[in-house]
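S.K.: Give me a 3D structure for the following:
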Amino acid sequence: MIDDSAKTCWFFIDDSNTWIEAPPAAAVGNVRVPKLTDGYRNPRPLIDIGQLVKRLSKDRSRGPVSLYGSRPSPNDSVWDAFERSRINLYIFDRNDKTAEKEINTTMTTNIIKAATRLDATAEYNAEVKKQKANTIFVIVTSDGDMMPSINEVLKVGIHVEIWALKSGMAPAYKQLRARHPALLSLRFLDSEAEIFDLTN
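M.R.: Okay, the predicted model is just below:
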């Protein structure tokens, strides 16, 4: 059995989707997530991305981290910090009606490209073959639109963890797990209380 420290997590984080799902879950409150008193009025995302990556990595190595979301305001220090933390940012204009579609399209494309490149190189490179076996795609989203790309990752034998709030996990992912029980894990952000930033 391979030690967790030998594994590497590649992160694909749908920030817009996390923001949409987090306020309702925090407003309702449960054993793990403190209840908000102002519900939807909190203007900032309720997920601390730095803590998210740290907590979800656990004892495993951190690979590339890609964050997808809407364009921040010019003085948004949070996004500046992301860039300094070697996070690949894919941002789209907030007022664009097609922003959500662009985010989904870009994220799905990047997931497939990363998996295809890793799989193709592993065919003729023993070191990359070992790397592929130890790689886990950690995908933070509850959006069912990601399922086709995740299915492609599973087809080439790469492990995938999908993280979402329990209330927002797309039912389609449960069906996908039934087809790939050895490669696909479904995890819930609700159990990771440290990632919720309720100080704003």
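
S.K.: Distance check, Thr8 against Arg55.
M.R.: For Thr8, the distance to Arg55 equals 16 Å [C-beta to C-beta, to the nearest Å]. The C-beta positions use only the backbone N, C-alpha and C, and glycine is treated the same way.

S.K.: ok, then the element right after the helix or strand of the chain with the lowest mean pLDDT?
M.R.: Counting by mean pLDDT, DSSP states H and E, the chain has its least confident helix or strand at helix 15-28, which shows a mean of 49. Next in sequence after helix 15-28, counting helices and strands by DSSP states H and E, comes helix 49-57.

S.K.: show me where pLDDT drops low in the chain?
M.R.: Along the chain, the parts satisfying pLDDT under 70 run over 1-3, 16-47, 71-85, 94-97, 99, 193-200.

S.K.: mind listing the strands for it?
M.R.: 8-14, 61-70, 87-92, 135-140, 159-164, 184-188 (DSSP state E).

S.K.: Columns mean neighbour count on top of the ones you listed, output as JSON lines?
M.R.: Output for the strands of the chain, formatted as JSON lines (neighbours: other C-beta atoms under 10 Å):
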{"stretch": "strand 8-14", "mean neighbour count": "22"}
{"stretch": "strand 61-70", "mean neighbour count": "19"}
{"stretch": "strand 87-92", "mean neighbour count": "17"}
{"stretch": "strand 135-140", "mean neighbour count": "24"}
{"stretch": "strand 159-164", "mean neighbour count": "22"}
{"stretch": "strand 184-188", "mean neighbour count": "17"}
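
S.K.: could these go into TSV alongside distance to Asn110?
M.R.: Shown next, in TSV, are these (distance: least, C-beta to C-beta, whole Å):
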stretch	distance to Asn110
strand 8-14	7
strand 61-70	6
strand 87-92	8
strand 135-140	11
strand 159-164	14
strand 184-188	19
